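Visitor: Just need the structure, nothing else, for what follows:
(chains A, B and C)
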Amino acid sequence: MSAFAEEDVVKRWESEQASLRQQVVEEDTEEWQRSLNFSGLERVGGVDLSFIKGDDVNACAQLVVLSYPDLEVLYEDSQMVTLTAPYIAGFLAFRETPCLLDALQRLEKSQPALLPQVVLVDGNGLFHYREFGLACHLGVLSGLPCVGVAKNLLQVQGVAKDNEHQSQIAALQKGGDSFPLTAASGKVLGKALRSSDSSSKPVYVSVGHKISLDTAVRLTHSCCRYRVPEPIRQVHKHTHTHTHKQTDAHIKSL
DNA sequence: GCGACAG
DNA sequence: ATCTTGTCGC
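Guide: Residues are numbered from 1 along each chain as shown, chains lettered A, B, ... in the order given. Model (predicted):
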């Protein structure tokens, strides 16, 4: 895509983000979210795309639904997809949301009783250049509560990976400890969470839709057996095996 | 010129 | 995202 065409696309995407941003609900809306032990929560979803080395157009879109609190796989769906939108930092959602929505809609149509009550998304929610990352985008378009969980710190709105940040990380003693990610405006956009006792590198949690930040952090921690929360860890596993299965089938057919 | 740039 | 096995350490 030419630089001019990309500039044009970015302008349209920015205004679409600004418009959808208005619809984000940053508070708890569900009964189970108010409960101390999330009683009433039975299904947590995870979504992800995976790619093969030289190919950034064909991907495997995956949705898993885990039981809560046992975190056992109840449902999984894999679908090879062809992506049309390019990856542009800050606009990940335009690339990934359509096929993730498709996966949720397939489930809603075939087994609505298995729809997740909340979805953990690999990426950011409000912790984003324009406070509208992938988790918000998927949340608003699906209507489901969503949480953004990023594995790396996005340096945005004055939040930096500086010495202060490093020392805050060092101060996280045990799983569940966290500190806020505060924008230059003073707004808390997310939290860095030590997700388990055994991992010193935090994950970055932010509100996607229909959940408060504190609930999002508490939920994320309660889904962690290892550093990456189980719904996302499981969905990664499945996407990889399926991508490689498809690759093998493709190679065999040649 | 250099660093940053979710997945 | 993806390229990549074993290895050192708690």
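Visitor: Mind listing what's buried along stretch A:97-110?
Guide: A:Thr97, A:Pro98, A:Cys99, A:Leu100, A:Leu101, A:Ala103, A:Leu104, A:Leu107 (16 or more other C-beta atoms under 10 Å). To be clear about C-beta, it is placed using only N, CA and C from the backbone, and glycine gets the same treatment.
Visitor: By residue count, what's the longest strand in chain A?
Guide: For chain A, the longest strand by residue count, based on DSSP state E, is strand A:55-67.
Visitor: what's the spacing between that one and its chain's center?
Guide: Remark: strand A:55-67 is offset 12 Å from the chain centroid, using C-alpha atoms, centre = their mean, to the nearest Å.
Visitor: Equivalent analysis for stretch A:99-115, please.
Guide: 17 Å.
Visitor: Stretch A:112-129 too?
Guide: 5 Å.
Visitor: related to what we said a few turns ago, which single one of the buried residues of stretch A:97-110 is nearest to A:Tyr68?
Guide: Set against A:Tyr68, the nearest of those by C-beta to C-beta is A:Leu107 (16.4 Å).
Visitor: what packs against whatever helix or strand that closest one lives in?
Guide: Per DSSP states H and E: A:Leu107 is located in helix A:92-110. Counting by 3 or more C-beta pairs under 8 Å, 6 or more residues apart in numbering; DSSP states H and E, the packing neighbours recorded for helix A:92-110 are strand A:43-52, strand A:55-67, strand A:73-82, helix A:134-142.
Visitor: Listing request: residues of the stretch 1-150 of chain A with sub-threshold pLDDT.
Guide: Within the stretch 1-150 of chain A, not a single segment meets pLDDT under 70.
Visitor: For it, which residues are neighbours of DNA strand C?
Guide: A:Leu49, A:Ser50, A:Phe51, A:Ile52, A:Lys53, A:Asp56, A:Asp122 (C-beta under 7 Å from any atom of the strand).
Visitor: Save those as a markdown table, and put in neighbour count and distance to A:Ala113 too.
Guide: Formatted as a markdown table, those follow (neighbours: other C-beta atoms under 10 Å; distance: C-beta to C-beta, whole Å):
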| residue | neighbour count | distance to A:Ala113 |
| --- | --- | --- |
| A:Leu49 | 19 | 26 |
| A:Ser50 | 19 | 27 |
| A:Phe51 | 15 | 32 |
| A:Ile52 | 14 | 34 |
| A:Lys53 | 6 | 38 |
| A:Asp56 | 12 | 36 |
| A:Asp122 | 24 | 25 |
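Visitor: Check those and tell me the two furthest apart.
Guide: Within those, two members stand farthest from each other by C-beta to C-beta: A:Lys53 and A:Asp122, at 19.1 Å.
Visitor: got the contact list for A:Ala150?
Guide: A:Asp122, A:Gly123, A:Asn124, A:Phe127, A:Val203, A:Tyr204, A:Ser206 (C-beta atoms under 8 Å, 6 or more residues apart in numbering).
Visitor: whoops, A:Gln17 was the one
Guide: By C-beta under 8 Å, 6+ apart, the contact list for A:Gln17 reads A:Phe91, A:Ala93, A:Arg130, A:Phe132, A:His137.
Visitor: Quick check: of those, which has the highest neighbour count?
Guide: A:His137 (31 neighbours; other C-beta atoms under 10 Å).
Visitor: picking that back up, let's see if you can find the most crowded of the contacts of A:Ala150.
Guide: Most neighbours among these, by other C-beta under 10 Å: A:Asn124, with 31 neighbours.
Visitor: The residue nearest to it when sequence neighbours are not counted and A:Gly190, how far apart?
Guide: The shortest distance from A:Asn124 to any non-neighbouring residue, by C-beta to C-beta, 6 or more residues apart in numbering, is to A:Gly133 (3.6 Å). To A:Gly190, A:Gly133 is 9 Å away according to C-beta to C-beta, to the nearest Å.
Visitor: swap in A:Lys53?
Guide: 31 Å.
Visitor: cool, and A:Val25?
Guide: Per C-beta to C-beta, A:Val25 is found 16 Å from A:Gly190.
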